[in-house]
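[1] coords below, sequence missing:
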């Protein structure tokens with residue numbers, strides 16, 4: 001039943017297997033990538049990090065435009081419904097089926113892209129916030 005578990009559980013299983021095999025967690029690509037991001041942000045000052053965080057929050061909130069754009073396409077279809085019906089259903093062609101298939105594929109890729117972007121923005125924002133808090137708690141380091 002591991003097929004229906006989320007990515008976090010799959011990552012946990014990968015961590016567990018690495019530790020059981022006496023491997024180093026630092027060698028995992030997923031953790032290397034996060035560490036590289038952390039190291040980059042640690043080089044910056046608190047004021048730079050605060051400004052970066054604000055910009056990231058703005059971008060994270062703007063990501064919602066992707067689903068909004070794709071949700072508006074059916075409304076455009078309703079606006080031009082007579083012309084669209086004539087185009088799609090004329091002469092008994094299955095042009096409407098191709099339209100639905102292509103629209104579904106585009107919609108699927110847009111939502112995958114949307115959630116990946118949302119996840120990465122959350123990771124970056126959390127890392128920046130953690131570093132800001134660390135620098136505030138330990139200003140001399």
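    Noted; the coordinates are in hand. On a predicted model such as this, the values are computed, not experimentally measured, just so you know. Numbering: from 1, shown residues only.
[2] could you point out the longest helix in this protein?
    Determined from DSSP state H, the single longest helix within the chain is helix 95-137.
[3] what packs against that helix?
    Packed against helix 95-137 by the contact rule (3 or more C-beta pairs under 8 Å, 6 or more residues apart in numbering; DSSP states H and E) you find helix 29-42, helix 46-62, helix 65-79, helix 81-89. C-beta here means a position set from N, CA and C on the backbone, and glycine is covered the same way.
[4] Pick out the shakiest of the ones you listed, pLDDT-wise.
    Across the helices and strands packed on helix 95-137, helix 65-79 has the smallest mean pLDDT, namely a mean of 67.
[5] Can you name the residues that contact residue 11?
    Residues in contact with residue 11 (C-beta atoms under 8 Å, 6 or more residues apart in numbering) are residue 30.
[6] Sticking with it, tell me its helix or strand.
    Counting by DSSP states H and E, the element that carries residue 11 is helix 7-20.
[7] That helix vs helix 29-42, what angle?
    Here helix 7-20 points in a direction 100 degrees away from that of helix 29-42 (axes from the mean of the first three to the mean of the last three C-alpha atoms, to 10 degrees).
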